[in-house]
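>>> below are the sequence and a predicted model; questions follow.
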Amino acid sequence: MAVARTKPAEEDVHDLRPINDWATQQSPVLEFTKEEELQALRQMLLIRRFEEKAGQMYGMGLIGGFCHLYIGQEAVVIGMKLAMADGDQMITGYRDHGHMLASGMDPKGVMAELTGRRGGYSKGKGGSMHMFSLEKNFFGGHGIVGAQVPIGTGLAFANKYRGNKSVSLTYFGDGAANQGQVYESFNMAELWKLPVIYVIENNRYAMGTSVARSSAQVDFSKRGASFNIPGTQVDGMDVRAVKAAAEDALAWCRDGKGPIILEMMTYRYRGHSMSDPAKYRTKEEVDKVRTEHDPIEQVRKRLIDKKWASEDELKKIDASVRAVVNEASEFATHDAEPDPSELYTDVYR
């Protein structure tokens, strides 16, 4: 008699494409100038150091609720941002701190929101997953899985209606890619040729289940095929490859050709959230990515190899970024909490 298996075998858990697949595929890569490399380094370091500090503050009890860190995925949002134009919008899910910082939002305001202080972007009432900045064209991190996809599609509809040539960059993960509203959005976007880039950040494990066990089609760049939406896989650990793909996708949308999908092959180093011990993958797997494909270390190595920067100069850049993050944490720690009257503001009734 067959016996049901309640726990997946080890080979099922790790039945993924080789972990370095994204580096072996031929993603077009731009050659960065010295200034572009340094800009990418600073911006990715800001996200990395900010998220490391947020993790520390969560452990100290200064950040409550949920906290989803972006460590390891920095090249995705920075590469996209480097190609964006003024007026382009960004919207994402709940792993959103990196997107806010890439948008140019103040680290002090972001950290203050994480700690629930009145100086936060949502006045201390939204926390990690709900921050917005109309000024920076950042239309929020969203706590409901996949909820941002129809909203990002709506932003694209508004852009086409206004004829402003702006593009909506709508981010979601491999887990959210199985949500029904994603495909309703795909259908409308292609019907109306809306200027939207669907950026699928495939970090391979969603909330803790490998894509091999949760998805019949693990090539997410093909998810729009039945709607005639083109897609491509991108080495999401190389900021140059991301920018190259972003430039092509933005040009596609601005030319009125409709939506496009970019599947970013990336990897998160931490668990799904701060409460996730990530026992569904091995330490060796994580260490392999950190050692061989880290997005920041790749830039550092190129700068040193080309003699565009010394170790001491790079250490000074890192120190300056840490100073910005420390200032943000100090502000967030000492800023006042919202007045109780704020319970009754910004509420529809």
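Perfect, I can see it now.

>>> okay, CA-based contacts and neighbour counts for the rest of this
Will do.

>>> which residues of the protein fall in strands?
Per DSSP state E, the chain carries strands over the ranges 89-92, 138-141, 168-173, 196-202, 231-235, 260-265.

>>> nearest to P107, out of the ones you listed?
strand 138-141 (14.2 Å; Cα to Cα).

>>> mind giving me the packing neighbours of the closest one?
In terms of contact count using 3 or more Cα pairs under 8 Å, 6 or more residues apart in numbering; DSSP states H and E, strand 138-141 is assigned the packing partners strand 89-92.

>>> can you list the strands that the strand it packs on pairs with?
Here strand 89-92 is paired, per DSSP bridges, with strand 138-141 (parallel), strand 168-173 (parallel).

>>> hmm, who's touching that strand?
99, 103, 137-142, 148-149, 152, 155, 166-172 (Cα atoms under 8 Å, 6 or more residues apart in numbering).

>>> repeat that for 7 Å
Here strand 89-92 makes contact (Cα atoms under 7 Å, 6 or more residues apart in numbering) with 137-142, 148, 152, 167-172.

>>> what does stretch 139-153 give?
90-94, 96, 129-133, 168, 170, 172, 176, 179, 181-182, 185, 189, 196.

>>> which of the residues in that stretch are buried?
Buried positions in stretch 139-153, judged by neighbour count with 16 or more other Cα atoms under 10 Å: 139-143, 145-153.

>>> hang on, the earlier thing: just the buried residues out of the contacts of stretch 139-153, in ChimeraX syntax.
To isolate the buried ones among the contacts of stretch 139-153 in ChimeraX, judged by 16+ other Cα under 10 Å, type:
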select :90,91,92,93,94,96,129,130,131,132,168,170,172,176,181,182,185,189,196
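
>>> quick one on the thing from earlier: export the strands of the chain to CSV and append columns for mean pLDDT and distance to S329.
Below are these laid out as CSV (pLDDT from 0 to 100; distance: least, Cα to Cα, whole Å):
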stretch, mean pLDDT, distance to S329
strand 89-92, 98, 24
strand 138-141, 96, 20
strand 168-173, 98, 27
strand 196-202, 98, 28
strand 231-235, 95, 32
strand 260-265, 97, 30
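
>>> and the ones you listed: which comes nearest L303?
Judging these by Cα to Cα, what sits closest to L303 is strand 231-235, at 19.6 Å.

>>> may I have the closest one exported as PDB, CA atoms only?
Once non-C-alpha atoms are left out, strand 231-235 reads as follows in PDB (Å, rounded to 0.1, in the frame of the first residue of the first chain):
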ATOM      1  CA  GLY A 231       9.500  38.400 -21.400                       C
ATOM      2  CA  THR A 232      13.100  37.800 -20.700                       C
ATOM      3  CA  GLN A 233      15.300  36.400 -17.900                       C
ATOM      4  CA  VAL A 234      17.900  38.700 -16.400                       C
ATOM      5  CA  ASP A 235      20.900  38.100 -14.200                       C
END
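
>>> partner strands of it, with direction?
Strand 231-235 has these strand partners (DSSP bridges): strand 260-265 (parallel).

>>> how about residues contacting the partner strand?
Against strand 260-265 from outside (Cα under 7 Å, 6+ apart): 22, 76, 196-203, 220-221, 229-236, 249.

>>> so where's the stretch 1-150 of the chain uncertain?
Low-confidence segments of the stretch 1-150 of the chain (pLDDT under 70): 1-26.

>>> repeat that for 80
1-27 (pLDDT under 80).

>>> on that earlier part again, return the member of the buried residues of stretch 139-153 nearest to S273.
Among these, and counting by Cα to Cα, the member closest to S273 is G143, at 12.4 Å.

>>> quick one: the closest one and E113, what's the gap?
15 Å (Cα to Cα, to the nearest Å).

>>> neighbours of E201, how many?
E201 is flanked by 27 other residues according to other Cα atoms under 10 Å.

>>> is it true that it touches D174?
Yes: contact criterion Cα atoms under 7 Å: E201 and D174 qualify, at 6.4 Å.

>>> circling back to that earlier point, closest to K315 among the buried residues of stretch 139-153?
Nearest to K315 among the buried residues of stretch 139-153: G141, at 31.7 Å, using Cα to Cα.

>>> could you work out the most separated pair of the buried residues of stretch 139-153?
Going by Cα to Cα, the pair spanning those furthest: G143 and T153, at 17.3 Å.

>>> right, I'll call it a day here.
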